[in-house]
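Novice: Got a predicted model here, sequence first, then my questions.
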Amino acid sequence: MLEAKNVVKTFDGFRALDGATMTVPRGAVYGLVGPNGAGKSTIIRHLTGVYRPDSGELLLDGEPVWENPAVKRRMAVIGDDWYYFPQASIAEMARFYEGMYPTFSRERYEKMKAVFPLKEKQPIRRMSKGMQKQAAFWLTMSCMPEVLVLDEPVDGLDPVMRRQVWSLLLDDVAARGTTVLVSSHNLRELEDVCDHVGIMSRGKVLLERTLSELQDNTVKLQVVFPGEVPVLPAELHILHHSNVGRVHTYIVRGSSEEILRRMQITNPVLLEAIPLTLEEIFIYEMGGEDYAVRDIVL
Amino acid sequence: MRSVTSCSKTLIRSDWRRFWPLTFLYAFVSFFIMPVGIWNEGGYTYYANGVMSEAEILANRAYSMASHVYGTLTAFTIINLFLGVGLAMVLFGYLMKSNSVGLMHALPVSRTRQFLAHFGAGMSMLTAANLLTFVLSLLMEGLIGVVDVLPLLIWLLVTELVGFFFLAFGALCAMATGWLLAVPVIYFGLNFVVMAYHLLFDAVTALLWPGHHSVTNPGGAVEWMTPVAKLVNVLGDRHDLGEETYRKGATLFTVNPKALPTLLIYALAGVALLAFAWVLYRARHSESAGDAIVFPWLRPVVKYVISIAAGIALGFFVHEVVFGGGQNVIGLIICQMIMGGIVFCGVEMLLRKSYKIFDRRTLLGLAALWLALIAVCVCIRLDITGRERRVPTAAQVESVSIGGGGIVGVDTDDLKAIGAVTDLHRLVVKQSEPIYAHTTYINMTYYLRSGEIMSRGYWVNLDDQDQYQAYTELLNCETVRRRLLIDEYDRYGSQFNYGYVTNFMDDENLRLTPGQCLALYRALGRDMERRVTPEMLEHEIPELEIVLDTDQGEYRICRLRPDCTDTLELLERYGLTIPEESYEDKW
C-alpha cells in the first residue's frame, strides 16, 4: 500500500501540496487526476522519494520512502519527462537499470523486444518522443517492480502502442499483483484501466474512491416534467442543471436508487438515470472547486 | 539480491562510460608533459655531454629527469585546478536538470551512496590517468636507462593530493548551485576571492594612502586562501642543490621541505570540503535544479560578495577614467556606489530569475550595499585597523627582505639594515599628500620574531629631504651596498681556480686566469665600499655573468654601476668594455 499522509510542500512561498493525503491499495490501478497545477507531478515525485516534504509522511507498506533504498528497490517510475543518459542506447540503459534494480529480468527484457519495434543499439536521443516513451516502458517494466508510478505515461504514443502498453500493464497487475499509480489528463483512457481514482486540486486530494463507488455516487438524470418544473426535493444534492427544450439534465450526488425514488414524487413524464463518465465526474466535482468549464462568448 | 555496493559500482561504471573522454584528455596531456618530457630531458643530457663517462652521463640524466619531474608539479597543479571543476561539472551535472535529478534520486540508492559513488568515480578517473602516466614515465626511464622511482612516486603523491583537493572543491561548488554554468563561476570565484579582495583593498589603499603600493604576493592567509597560488609557489620553489648532490643520492632535494606539510594541510582541507559538500548534497532539494544558488541562506552571501567586489573594482576603474588617476575620495565612493548598485541589481535579477526586482527588499539591500562600500573607503582612509600606520620596531624584526628600485632582493638580519628599513618605512607612512614627484619604489617583507610575516610596498618620495636621507642610509648599509653589486660577495672565499665574464648585451666572453680572478674580486670589493646615492641606481644596469670558480662554489651575476670604476677599468684592461649607452636612464 502506497500512502501519502498530510503532505505539505512549499516552493518559494507557493503551497504546491497542502496536506495531500492519498492511499493506493496494493494491486490497484490508481488514476490520479486533476487540473493543471493541482500538484499531481509534485506528489508523484514525493511518492518516489525525489522530493522531500516540508511535513507529512510518504510510506510504502508502512515504511518511509524518503532515503530508503530497500523501499525504492520495489518501485519504478516513468516521469513526465523521462531522463536517459545523453549518449546511451536502450541496451546501455538496460545495463544501468539491471545494476540498480535487483528484480530486473533479462528474460523479460529480451521478450519485450518483440513488443517494442525499437533498435536496441540506437542512441535514445536519436529516437522520436513516442519511441523514447516506448523505451522507457521497455526498461521500466523489465525491472519487474511491485509498484509502478507513471506520470503522464502514454503522451506521445500512437493509439496502437497505447493499447499495447496498457495491455502489458494490466497483464502485470493480473499476473503479479503490481500496484500502478498513474497520473493523466486522458480521463477516457483512465476510465478503461483504473479501478481507483483520486482527484487532486490545489495541492489536496479532494476525493478518492474506487471507480465504481465514484460512478455510483453521482448520477446524471434526464427528466421531462408534464408542465412547469416543480420544486424538487430539498434532500437532492444537485451539482449541475441544464435543459434542452423540455428535457432537463441534472447531475446529482447520491445513489441512483435513492435519487430515482425521491424524484418520483414530482411525477415526471420521463425519468432516466445514466451513469457518468469519469470525465463528467471530474468536471462536476471540480466545478465545486471553482473549476468549471466556463461559457465564454467571444 | 544485489547489494548497495553493486548499485554504487553501477553508478561508477556509468560515470566511466559517459565521461571517459575527460580522463583520456587528461592522460593525453600528462603523456606529453611526463613521459615525452622525460625522454627529451634524458636524450638532451646524453648528446650535450658526449665527453662524460658512462656513470656521469647516467647521473646527469637522472638529475635532469628528476628536475623535469619536479618541475612539472606546478603545471599539474594548474591542470588539476581545471580538471577538478570539469569533473565536478560532469559528475554532478545531473543535479542541474529536473528530469535527470528525478531519475537519479528515484533510484534505490541513498543520497550519501550516490554522492560517494560519483566522487569516487571522479577520483578513480584521476587516479587511473595518474597511474598510467606514472607507469609510462617509468617505462620511459627504463628505455633511457636510468630508473629513478622516487621522483615519480613523489609526483604521483603530489598530483593525487592536489587532484583530490580540487575535485572536492569542485564538488562543493556544484552543491551550491542548480545551474551548470554557475559551477565554474563559483569555483574560480571562490578560488580567487580572497586574493581578489586583497588586491582590490590594496588598490583602494594605494589611492587613499600616498606612498602605498600593492604587494603582488601578499603571502600569509591571503595566499593560503588562494590554493592554486599557494601550491604553485610552494611546489615551484624547488631547493636545487645541484647535480653533485644528486649524484650522492639526495633524491628529495628538489622538493621544497614546506611542500609536503602544505599538501597535507590542503588534503585535510579537501576532506573538510568533501564532508561539507556531502552535507549540502543531503540538504539540497531536488526541485532546486535550475536555480543559480540553491540554498536561500547562501544567496545574500553571494549577492554581497559579488556586489562589493564588483563595486570596488568597477568603481575604481570608472574613477580612474573620470578623475584620471588623481585622488578623489568622494568621487571614488560615488563611482563605487553606482557600479556596485548596477551589479547588485544584476545579481538580484539572476537570483530571482526576474527583471521585476525593484521592491522594498531590493532598495533595502542596495542601501546596505552602499553603506558597506562607504564603510570600506572610510575605514581604509582612516586606517581603522592601523595596518597602514603600523611599522615594527627594529627589535621586533628577525630579518627583512627588501627589493625594488635598484635593490635586487636583499635578505638580511643585519640590525643596522633592519633599522634603516624601519626608519624609512616610518617616514613613508607619515606622508599625507599624494606623490607626483621624483620617486623610487621599495618593497619590504619583515619576518617578525613573533612568526608573523609582514609585506609592504611604497613609493619613496626622493624630493622629500628626510625620505631621501633615509633611503640613502639604507642603500649604504653594508649588506645592501654589497648586494647592489654582486650576490653573496664573501660566501665562497678567494681561492680561485678559473673564471670568465660574459656580457649578455653584446655576447662578449672573457676567460680569466686565477690571478685575474683575484684582481677582479678585489676590484669588486673596493667598488662595494663606495658610497651609493639613489641617483646612481636610476639607470638600467647591465648584468654580467662573472664566474669566479672556487672549490666551494662560484660567484655569479654582477651589476656594475657607472661609478664602479675600479672593476670597469680592470675589465677594460682585460679586453671587455661596457659601452656607456648600456646604462640607460630608467625614467
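Specialist: Cool, got the structure.

Novice: List, one by one, the residues from the stretch 351-500 of chain B near chain A.
Specialist: By CB under 8 Å from any CB of the partner chain, no residue of the stretch 351-500 of chain B approaches chain A. (Glycine included, C-beta is placed from N, CA and C.)

Novice: Quick one: the strands in the stretch 351-500 of chain B, in order.
Specialist: Along the stretch 351-500 of chain B, counting by DSSP state E, counting those that start in this stretch, strands occupy B:397-404, B:407-412, B:439-448, B:453-461, B:496-503.

Novice: Over to chain A?
Specialist: A:2-11, A:14-24, A:29-33, A:55-60, A:63-64, A:75-78, A:147-151, A:179-183, A:196-201, A:204-210, A:218-224, A:237-244, A:247-253, A:270-275 (DSSP state E).

Novice: Quick one: closest of the ones you listed to chain B.
Specialist: Of all the strands of chain A, it is strand A:75-78 that lies closest to chain B, at 5.0 Å by CB to the nearest CB.

Novice: re the thing from before, can you tell me which of the strands of chain A comes nearest to residue B:221?
Specialist: Residue B:221 lies closest, by CB to CB, to one member of the strands of chain A: strand A:2-11, at 40.2 Å.

Novice: in that closest one, what's buried?
Specialist: Neighbour-count burial for strand A:2-11, counted by 16 or more other CB atoms under 10 Å in any protein chain shown, picks out A:2-4, A:7, A:9.

Novice: For the residues you listed, which two are the farthest from each other?
Specialist: Of all pairs in the buried residues of strand A:2-11, the most separated under CB to CB is A:2 and A:9 at 17.1 Å.

Novice: coming back round to it: and the buried residues of strand A:2-11 near chain B, which?
Specialist: Okay, of these, nothing touches chain B (CB under 8 Å from any CB).

Novice: Compute the number of surrounding residues for residue 88.
Specialist: You didn't pick a chain, so chain A it is. Residue A:88 has 19 neighbours, counted by other CB atoms under 10 Å in any protein chain shown.

Novice: wrong chain, I was asking about chain B
Specialist: 27.

Novice: Run through the helices of the stretch 51-200 of chain A in chain order.
Specialist: In the stretch 51-200 of chain A, the helices defined using DSSP state H, counting those that start in this stretch lie at A:69-72, A:90-100, A:106-111, A:129-142, A:159-176, A:187-193.

Novice: Which one of those helices lies nearest to chain B?
Specialist: Proximity to chain B (CB to the nearest CB) singles out helix A:90-100 among those, at 2.8 Å.

Novice: how far out from the middle of the chain is the helix or strand that residue B:345 is a member of?
Specialist: If you go by DSSP states H and E, residue B:345 is part of helix B:329-352. Helix B:329-352 sits 30 Å away from the centroid of its parent chain (CA atoms, centre = their mean, to the nearest Å).

Novice: Which strands or helices does it pack on?
Specialist: Helices and strands touching helix B:329-352, as assessed by 3 or more CB pairs under 8 Å, 6 or more residues apart in numbering or on different chains; DSSP states H and E, comprise helix B:182-208, helix B:299-323, helix B:360-382.

Novice: Need the contact partners of that helix.
Specialist: Counting by CB atoms under 8 Å, 6 or more residues apart in numbering or on different chains, helix B:329-352 makes contact with B:204, B:207-208, B:292-293, B:299, B:302-303, B:306-308, B:310-312, B:314-319, B:322-323, B:355, B:357, B:362, B:365-366, B:369-370, B:373-374, B:376-377, B:381, all of which sit outside it.
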